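Novice: Attaching a predicted model along with its sequence, questions to come.
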Amino acid sequence: MSQLSFFDDNESLRFPENLLEYYPQFLDTGAALALMNELIATAPWKQTTLTIHDKVLLTPRLTAWYGDAKQSYRLSEKQLDAAPWTPALSALREKVEAFTHLHFNSVLLNYYRDGNDSVAWHSDNEKELGQHPHIASLSLGQARSFDFRHKKDHQQKYSLKLGNGSLLIMKGDLQQHWEHRIPKSARPLQPRINLTFRIIY
Ligand SMILES: O=C(O)CCC(=O)C(=O)O
Ligand SMILES: [Fe+2]
């Protein structure tokens, strides 16, 4: 499978390949859109809350969580119960595992309904994920910008468009030294679902 290069004419714009791999066509267009529509209709979507400066706000996206039995995981201080794998998500997990040679025991789904939905700067560095987690991130539907920046030097900043059917592998020191986000868009955008396959210890 072809991997998109992070090389640019300007050598300094090159993102370290030991931290990210991007495969634009992991799923074909039709399969990716069909899966998105199935997930929109069937996943146990929840909108959680977050507290900023003593204000309780709704998280600007919907989430759902699937995993092996007895899998529990603290996400943003919230204990989420993992739903059992569905046939479609089991098949997808097998495809991701065959490609990455990793075994994932859970998947977090994010549903961005339109350009107002987003995820703020963060890193996935919960201790349950281990020191240098491999996270396989599959995107369905609307292409969205994925920004990342160095935690100690925000000038070191990159952006990548995550297209329909693409697979992004996050690995190495990425969660330790970098943070990422999906920004809001002023333009009207179609729905997008992102699935992050994770290994919870
Ligand atoms: O939607 C995405 O591509 C990223 C989601 C994300 O960063 C997360 O779930 O931790
Ligand atoms: Fe993340």
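Specialist: Received, thanks. Ligands and ions are numbered 1, 2, ... in the order given.
Novice: drop to CA atoms for contacts and neighbour counts, all remaining ones
Specialist: Fine.
Novice: Any stretches of the protein with poor pLDDT?
Specialist: 1-15, 70-80 (pLDDT under 70).
Novice: how about the strands in it?
Specialist: For the chain, the strands defined by DSSP state E occupy 20-23, 49-52, 55-58, 62-67, 72-75, 78-81, 106-112, 119-122, 135-141, 144-150, 157-162, 166-170, 178-182, 192-198.
Novice: With distance to residue 93 as extra columns, can I get those strands in a markdown table?
Specialist: Output for the strands of the chain, formatted as a markdown table (distance: least, Cα to Cα, whole Å):
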| stretch | distance to residue 93 |
| --- | --- |
| strand 20-23 | 16 |
| strand 49-52 | 28 |
| strand 55-58 | 29 |
| strand 62-67 | 11 |
| strand 72-75 | 18 |
| strand 78-81 | 19 |
| strand 106-112 | 9 |
| strand 119-122 | 23 |
| strand 135-141 | 10 |
| strand 144-150 | 22 |
| strand 157-162 | 19 |
| strand 166-170 | 12 |
| strand 178-182 | 23 |
| strand 192-198 | 8 |
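Novice: what separates residue 167 from residue 198, distance-wise?
Specialist: 13 Å (Cα to Cα, to the nearest Å).
Novice: try residue 113
Specialist: Distance, residue 113 to residue 198, by Cα to Cα: 23 Å.
Novice: Which residue of those two possesses the greater neighbour count?
Specialist: Between residue 113 and residue 198, residue 198 has the larger neighbour count (other Cα atoms under 10 Å), namely 21 against 18.
Novice: so what's the more buried one bridging to?
Specialist: The partner list for residue 198 in beta bridges (DSSP bridges) reads residue 106.
Novice: you'd agree it is up against residue 129?
Specialist: Yes - using Cα atoms under 8 Å, residue 198 is in contact with residue 129, at 7.4 Å.
Novice: circling back: find residues that contact each of residue 167 and residue 198.
Specialist: Residues touching both residue 167 and residue 198 by Cα atoms under 8 Å, 6 or more residues apart in numbering: residue 136.
Novice: Grab the nearest non-local neighbour of residue 25.
Specialist: Excluding its sequence neighbours, the residue lying closest to residue 25 (Cα to Cα, 6 or more residues apart in numbering) is residue 166, at 5.1 Å.
Novice: ok, for residue 165, nearest residue in space, not its chain neighbours?
Specialist: Residue 165 sits nearest to residue 27 (Cα to Cα, 6+ apart), 4.5 Å away.
Novice: distance of the one you found from residue 138?
Specialist: 9 Å.
Novice: now residue 125
Specialist: 19 Å.
Novice: Would you mind telling me which of the two has the busier surroundings?
Specialist: For the pair residue 125 and residue 138, the greater number of neighbours falls to residue 138 (26 against 16), based on other Cα under 10 Å.
Novice: what's across from the more buried one in the sheet?
Specialist: Beta-bridge pairing of residue 138 under DSSP bridges involves residue 167, residue 195.
Novice: Residue 133: what's it in contact with?
Specialist: Residue 133 touches 170-172, 175, 198-199, counting by Cα under 8 Å, 6+ apart.
Novice: Try it again at 10 Å.
Specialist: By Cα atoms under 10 Å, 6 or more residues apart in numbering, the residues touching residue 133 are 124-127, 170-176, 198-200.
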